[in-house]
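Colleague: test case, fold it:
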Amino acid sequence: MSGKKTNEKGALKYYFGTDLALHLSSLIQPHYKNFPVNNFVKLVQEQVEPLELKDRVAVISEALFVALPSDYPKALDILLKIVGPENETEERMFTNGYFLMPVAYFVERFGINHFENSMHALYEITKRHTSEYAIRPYLERYPDESLNYLHNWLHDNNPHVRRLVSEGTRPRLPWAKRIKVMKDDPAINLALLDSLLTDPSFYVRKSVANHLNDLSKEHRNITLNWMSDQLDRKKNDINWIIRHGLRSLAKSGDPKALALLERI
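Modeller: Okay, the predicted model is just below:
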């Protein structure tokens, strides 16, 4: 079995079941010879059938927690040995990397008291799949420490890491729990986005536009004023981002948003 998405039974949720448990076991065993394959697979098999996708991912992650060493750093070290090569493209993070969803959830669910270990893990995972969901509890629990990481990641060579700065901090990330802006100050989120507005990767810039659209719904005036200032500074380089970031307000007929669009 590969780490790719399966179409079995016609729904993605069925990927997260017994076959994936067997696949993860085959990856883990060479690095942890005492891994209890039968018990791990049985735990997953007994619970997943009636569940939807997110709950299936949680079941597999919780079964990993039972099967791996109780010491979180040791367990995490084993899991980081199975993540595979980095994704060299800006695609397939949600296909080839699906097998890492339970690993990301493992960090999200069980690593909150191990900030440094977990942030390192999220950095590695996002280069192969995504950490945009798993990072959110860390942003809330450790805002200052997280910001230090985010400022460093703004300049990372890997576009997946730079995208995580924007996507992970989005207040209204789809399929994720809503979070407040960093330290209850939208200016902090906007300062992070500033460096990414002209990022060489469209993949990153698209995340910035979506983030701005989120911010415009909750912090309208601050976000619109910031967009206006950016148009003055960066001119044509950011027209698409501003237009896409204004889409919700423009659709509602917001006069200030429409006036900004007329400048593009």
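Colleague: which strand or helix spans Arg163?
Modeller: helix 159-167 (DSSP states H and E).
Colleague: show me what the strand or helix carrying Glu108 is in contact with.
Modeller: Here Glu108 sits within helix 101-110, counting by DSSP H and E. Here helix 101-110 makes contact (Cβ atoms under 8 Å, 6 or more residues apart in numbering) with 16, 20, 24, 57-58, 60-62, 64-65, 72, 75-76, 79, 82-83, 118, 121-122, 125, 129-131, 133-137. No exception for glycine: its C-beta is placed from N, CA and C like everyone else's.
Colleague: give me the subset of the residues you listed that lies in helices.
Modeller: Among the contacts of helix 101-110, the members found in helices (DSSP state H) are 20, 24, 57-58, 60-62, 64-65, 72, 75-76, 79, 118, 121-122, 125, 136-137.
Colleague: pull out the buried residues from the residues you listed.
Modeller: Buried members of those, counted by 16 or more other Cβ atoms under 10 Å: 20, 24, 57-58, 60-62, 64, 72, 75-76, 79, 118, 121-122, 125, 136-137.
Colleague: helices or strands up against the helix or strand of the chain with the lowest mean pLDDT?
Modeller: For the chain, using mean pLDDT, DSSP states H and E, the weakest element among its helices and strands is helix 220-234, scoring a mean of 94. Packing contacts for helix 220-234, counted by 3 or more Cβ pairs under 8 Å, 6 or more residues apart in numbering; DSSP states H and E, involve helix 186-194, helix 202-218, helix 239-245, helix 255-262.
Colleague: residues in contact with it?
Modeller: 186-187, 190, 194, 197-198, 212, 215-216, 238, 242, 245-246, 249, 254, 256-257, 260, 263-264.
Colleague: again with stretch 65-75
Modeller: Contacts of stretch 65-75 (Cβ under 8 Å, 6+ apart): 28, 32, 35-36, 39-40, 43, 64, 78-79, 106, 109-111, 113-114, 117.
Colleague: list the buried ones in it?
Modeller: Ala67, Leu68, Tyr72, Ala75.
Colleague: what is the nearest of these to Arg172?
Modeller: Tyr72 (30.2 Å; Cβ to Cβ).
Colleague: what about the closest one, distance to His129?
Modeller: Tyr72 sits 20 Å away from His129, going by Cβ to Cβ, to the nearest Å.
Colleague: same thing with Ile241?
Modeller: 25 Å.
Colleague: likewise for Ile28?
Modeller: 17 Å.
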